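Visitor: The following block contains a protein sequence and its predicted model.
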Amino acid sequence: MKNKKLLNISILSTVLFLSACSNSQDKLKTKNVSIYNIMGITEASNHFSQPKQYSEKKTYQENISPDITYISYKKEHYPEQNKLSVIEEIESKAKSFLGTPYVWGATGPSKFDCSGFTQWVYRDSGINIPRVSKDQARVGQFIQYDDLERGDMVFFDTKKKRTGKVTHVGIYLGNNNFIHASSAGESVVIYNFEKKTFYKKRFLWGRRVLKPDLYYALN
């Protein structure tokens with residue numbers, strides 16, 4: 001008799017368990033819950049998808065990375081400054097390092113790698129950007145080659161077997177010139193896209209990180 005009761009309890013428990021699992025699955029299906037939700041983890045949004053083709057119809061804000069913590073501006077550095085003066089400051093600071101040795105992983109000021117150089121120059125001009133090129137390539141306004149302006153960052157895939165991934169960065173100076181810490185040149189150098197066609201062929205996109213409310217002076 002005792003064994004029969006235990007058997008009935010076991011069967012009833014199994015039925016209730018299967019019913020609960022079925023109801024849970026139905027709820028999961030209706031709510032379309034991801035594995036992150038099941039585990040109690042907030043699923044991260046994909047802030048850094050491949051940049052879309054730039055369109056003049058889109059506003060500046062639509063081309064800004066959602067993760068604005070990747071760019072910050074020194075408030076005390078910007079009063080009374082306009083866009084042109086900041087661009088000139090970026091160019092001047094970048095050129096002051098011409099000839100500085102290239103060393104992989106170096107962040108300056110006596111030696112640089114490519115992204116250490118760009119980070120230092122922009123930071124000295126009041127703009128804080130990420131440390132490595134692949135992260136620098138994800139902030140600011142996406143710019144195509146034909147729309148490059150002085151002060152924009154320029155990104156390249158310099159690997160022998162091209163994959164479309166960012167491996168190098170420099171700063172555009174205008175007139176097809178850009179400055180960068182070059183491993184091939186072993187120092188900070190200025191190259192011209194028309195003369196160094198390798199870089200034009202390997203160009204991926206540009207990024208504009210100037211503060212969006214800066215403006216060109218009218219006088």
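Guide: On my side now, so go ahead.
Visitor: what about I90, distance to K160?
Guide: 31 Å (C-beta to C-beta, to the nearest Å). Placement of C-beta: from N, CA and C, glycine included.
Visitor: What is the neighbour count of L148?
Guide: For L148, the neighbour count with other C-beta atoms under 10 Å is 21.
Visitor: Output the lowest mean pLDDT helix or strand found in this protein.
Guide: Within the chain, no helix or strand scores below helix 35-38, which has a mean of 38 by mean pLDDT, DSSP states H and E.
Visitor: just checking, next helix/strand downstream of that one?
Guide: Sequence-wise, the next helix or strand downstream of helix 35-38 (DSSP states H and E) is strand 72-73.
Visitor: domains for this structure, by residue range?
Guide: As recorded under automatic domain parsing, the domains making up the chain are 2-38, 63-208.
Visitor: rewinding a little: neighbour-wise, which of I90 and K160 wins?
Guide: A count of neighbours by other C-beta under 10 Å puts I90 above the other of I90 and K160, at 27 against 4.
Visitor: where does this structure dip in pLDDT?
Guide: For the chain, the stretches with pLDDT under 70 are 1-69, 75-81, 214-219.
Visitor: What segments of it are helices?
Guide: Remark: helices assigned in the chain by DSSP state H are 2-31, 35-38, 83-95, 114-124, 133-136, 197-202.
Visitor: Next, count neighbours for G151.
Guide: Residues near G151, counting by other C-beta under 10 Å: 25.
Visitor: right, I mislabeled it, should have said R150
Guide: Residue crowding around R150 was assessed by other C-beta under 10 Å; the count is 17.
Visitor: With adjacent residues omitted, what lies nearest to it?
Guide: Nearest residue to R150 in three dimensions, chain neighbours excluded: G174, at 4.4 Å (C-beta to C-beta, 6 or more residues apart in numbering).
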